[in-house]
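Trainee: curious how this folds, go ahead:
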Amino acid sequence: MSEANVTKNALAASMKKLMRMRPFEKISVSDICNDCGINRKSFYYHFRDKYDLVNWIFYVGFIEELNLTSYDNGWQLMEDMCGYFYREKEFYRAALKIEGQNSFKDYLIDTVTPIAEFFMQDILPHNDDDNFFISFVTDALLTSIVRW
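Mentor: Presented below is the predicted three-dimensional model:
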């Protein structure tokens, strides 16, 4: 594993640990760096802010591992996504509570939308309503995960 990935993983592990102990808004970049013994400069070399770190955790933990060609349909993918969220529920319960401009919910929607579009391309009416249907499915997924 490259040194950059070791640093990013250490920061991610600290973020996960701290999010088990206190709300996201009470965690500072300094807290994360102090917990894993990495300086702030290194943090900002890899991430814009703590929101970016949370998003990266999801990206490398789930999205980067996806092989869309291994799925016959979107339901199998959603099942795997739900399984991932369940295995990591402690972290994602906290991440889904993040509010504001850079919330994890927004990142999740932005990330899942093209995947939903890919799996829905055969059933979409291919008219002006396509975006509505894609948004409906991604919003329903997010709402279901939050409620679950």
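
Trainee: wait, isn't residue 77 in contact with residue 69?
Mentor: No: Residue 77 is beyond contact range of residue 69, at 11.3 Å (criterion: CB atoms under 8 Å). For the C-beta atoms, the positions are set from N, CA and C on the backbone; glycine is no exception.

Trainee: tell me the SS of residue 99?
Mentor: Of the three states, residue 99 takes coil under DSSP: H, G, I helix; E, B strand; the rest coil.

Trainee: that one and residue 124, how far apart?
Mentor: Counting by CB to CB, to the nearest Å, the separation of residue 99 from residue 124 is 31 Å.

Trainee: I figured residue 51 hits residue 95, correct?
Mentor: No: between residue 51 and residue 95 there is no contact under CB under 8 Å: 9.8 Å.

Trainee: more neighbours, the two?
Mentor: Neighbour totals were compared for residue 51 and residue 95, and residue 95 leads with 24 against 19 (other CB atoms under 10 Å).

Trainee: surely the more buried one is in contact with residue 27?
Mentor: No: Residue 95 is beyond contact range of residue 27, at 11.6 Å (criterion: CB under 8 Å).

Trainee: which elements pack onto the strand or helix carrying residue 76?
Mentor: Assessed by DSSP states H and E, residue 76 sits inside helix 74-87. Helices and strands touching helix 74-87, by 3 or more CB pairs under 8 Å, 6 or more residues apart in numbering; DSSP states H and E, are helix 104-120, helix 130-147.
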